[in-house]
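> attaching a predicted model along with its sequence, questions to come.
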Amino acid sequence: MECPACGTDVKSDSVFCHKCGARLDGLGDGPPGAAPTGDTASPGLSSPAQRFRNGAAGQGIDEEKTLWEGGYSAKAMAGAWVASLVATALLVTLAIWFWDNAAVRWTALAAVVLLWGYQLVVFARRWLGVRYKLTSLRFFHESGILVHTTDLIEVIDMDDITFRQTIIDRLVGVGTIRIVSSDRSHPDLSVPGIENVQAVAGMMQEARHAERLSRGLHIERI
């Protein structure tokens, strides 16, 4: 059997065309072949599939817009920088105090070099290898320098969005966002080093609410 509206082959006992949504039994949607489309279709005569497509087009369900992009902020390591400065001051004081003891002096100075080398490596790995992007439909978490991995979570799957800040984080304006979702790969994801963390968490909440509302409206249209 051939659909009189689009010419697609369909089963003989089909009520609707699986491609264009036209009703094939001549009931409800007018005579066979008169598949309502676009602005010429009457809302009372359109098929469920057509109503879904019209509703999706009207609400922009297929349009994915970028809401925010960012990466790991250097400010997020403020606490580590402060701790390293304190440790450096103590080690240098120790080296000066035991300056005549070569073993203690060089051990203290070597510890300072290793400490700051470690902090710089950690910062470079996070700053260069971590990127975030939030769209109206998904949240992307990219990580890695030599091996690049991209994970994503649908905003509609996000169940809870919270953010955490230490005292130093609040002073410099960064924080960590925690996303609890029904995503199988990352049901509990922590996203550190976010500047303006409260505003970004708010955008995630709004995107989730808008997407759930949009999906609910489209389902009701069918």
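Perfect, I can see it now.

> when you work out contacts or count neighbours from here on, use the C-alpha atoms and nothing else.
Noted.

> domain map for the protein?
Following automatic domain parsing, one finds the domains of the chain at 1-59, 66-221.

> and these as JSON lines, adding mean pLDDT and mean neighbour count?
Shown next, in JSON lines, are these (pLDDT from 0 to 100; neighbours: other C-alpha atoms under 10 Å):
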{"stretch": "domain 1-59", "mean pLDDT": "56", "mean neighbour count": "16"}
{"stretch": "domain 66-221", "mean pLDDT": "90", "mean neighbour count": "16"}
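
> element containing the residue most central in space within the chain, please.
In the chain, the centroid-proximal residue (C-alpha atoms, centre = their mean) is residue 139; its distance is 1.0 Å. Assigned by DSSP states H and E, residue 139 belongs to strand 138-143.

> how far does the following helix or strand past that strand sit from its chain's centre?
Sequence-wise, the next helix or strand downstream of strand 138-143 (DSSP H and E) is strand 149-154. Computed by C-alpha atoms, centre = their mean, to the nearest Å, the chain-centroid distance of strand 149-154 equals 7 Å.

> next one: stretch 180-200
8 Å.

> residues contacting it, please?
68, 70-76, 153-154, 157-161, 163, 173-179 (C-alpha atoms under 8 Å, 6 or more residues apart in numbering).

> try stretch 93-109
91-92.

> extract the CA atoms of it and return them as CSV.
The C-alpha trace of stretch 93-109 is given here as CSV (Å, rounded to 0.1, in the frame of the first residue of the first chain):
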residue,chain,number,x,y,z
THR,A,93,63.1,29.8,57.1
LEU,A,94,64.3,26.3,57.9
ALA,A,95,67.0,26.5,55.2
ILE,A,96,68.3,29.9,56.5
TRP,A,97,68.2,28.7,60.2
PHE,A,98,70.3,25.6,59.3
TRP,A,99,72.3,27.3,56.5
ASP,A,100,75.6,25.8,57.8
ASN,A,101,74.0,22.3,57.5
ALA,A,102,74.2,21.6,53.7
ALA,A,103,71.9,18.5,53.9
VAL,A,104,69.1,20.4,55.6
ARG,A,105,69.6,23.5,53.5
TRP,A,106,69.4,21.7,50.1
THR,A,107,66.7,19.4,51.2
ALA,A,108,64.5,22.4,52.2
LEU,A,109,65.2,24.2,48.9
